[in-house]
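K.L.:
Sequence below, structure please.
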Amino acid sequence: MTSPIDLTGKLLIAMPGMGDPRFEHSVIFMCAHSDEGAMGLVINKPTRDLQFKDLLEQLAIKPGPDLPEMAVHFGGPVEHGRGFVLHDYGYHSSISTLDVNDDFAMTATLDILEDLAEGRGPARVIMALGYAGWGPGQLESEIAQNGWLTCDADRGLVFDTPDPEKWEGALNTLGVSALTLSADAGRA
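P.N.:
Numbers count the residues shown, from 1 in each chain. Below you'll find the model as predicted:
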């Protein structure tokens, strides 16, 4: 049985009243979605006290001279000690890169961190620890219960919009104002 919808490469926008404080006002980029489940990365919640340079230090990766300032995001509650890099399409790790679509890819191996430290990595990135995951049918059920809205993922919104503005920015792509959202689901 296949899922009636494929949200791979789309954004999930958390609805008010979702009930899980870890996802309040979250925007999640969907890396994979099939009848076997779903996996995505929260793209608008930087960690408070962990920067890219700190992560490199913990992993004993020597930074190059032009190391960019980069926040590390809370990617989700699953495997929060594991790193994922969402990036623009075109960069491919020598070990493993998941091509999501023609605009986005995701790599979860150390070589991308080494490449970024040396200035050889992808131009646009979001670094995350952990991911959001759903079992078969779980995400579809949460959407049906008014937990999430979905929209197309735009590179500008994902990579260029400041984190505090991504939730409302994603809503705006749907023509929805945060002020008009309700936590209550209706049935006709």
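K.L.:
how about stretch 11-20: buried residues?
P.N.:
11, 12, 13, 14, 15, 18 (16 or more other Cβ atoms under 10 Å). All C-beta spots, glycine's among them, are computed from the backbone N, C-alpha and C.
K.L.:
end-to-end on it?
P.N.:
18 Å (Cα to Cα, to the nearest Å).
K.L.:
cool, and stretch 18-34?
P.N.:
Terminal-residue distance, stretch 18-34 (Cα to Cα): 23 Å.
K.L.:
now swap in stretch 147-156 and tell me
P.N.:
Note: stretch 147-156 ends 25 Å apart using Cα to Cα.
K.L.:
Among the buried residues of stretch 11-20, name the ones in strands.
P.N.:
11, 12, 13, 14 (DSSP state E).
K.L.:
My read is that the second one contacts residue 28, right?
P.N.:
Yes: here residue 12 lies in contact with residue 28, judged by Cβ atoms under 8 Å, at a distance of 4.2 Å.
K.L.:
what is in contact with these two at once?
P.N.:
Listed contacts common to residue 12 and residue 28 are residue 40; contacts here mean Cβ atoms under 8 Å, 6 or more residues apart in numbering.
K.L.:
Confirm residue 22 sits in a helix?
P.N.:
Yes: assessed with DSSP: H, G, I helix; E, B strand; the rest coil, residue 22 lies in a helix.
K.L.:
List the residues that contact it.
P.N.:
Contacts of residue 22 (Cβ under 8 Å, 6+ apart): 74, 76, 77.
K.L.:
still on that earlier bit, could you dump the ones in strands among the buried residues of stretch 11-20 to a markdown table with distance to residue 146 and pLDDT?
P.N.:
Output for those, formatted as a markdown table (distance: Cβ to Cβ, whole Å; pLDDT from 0 to 100):
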| residue | distance to residue 146 | pLDDT |
| --- | --- | --- |
| 11 | 17 | 97 |
| 12 | 13 | 97 |
| 13 | 12 | 96 |
| 14 | 11 | 95 |
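K.L.:
Setting the sequence-adjacent residues aside, check what's closest to residue 132.
P.N.:
residue 76 (3.4 Å; Cβ to Cβ, 6 or more residues apart in numbering).
K.L.:
try residue 87
P.N.:
Distances taken as Cβ to Cβ, 6+ apart place residue 122 nearest to residue 87, at 3.7 Å, with adjacent residues excluded.
K.L.:
what's the burial count for that neighbour?
P.N.:
21 (other Cβ atoms under 10 Å).
K.L.:
now residue 88
P.N.:
For residue 88, the tally of surrounding residues (other Cβ under 10 Å) stands at 15.
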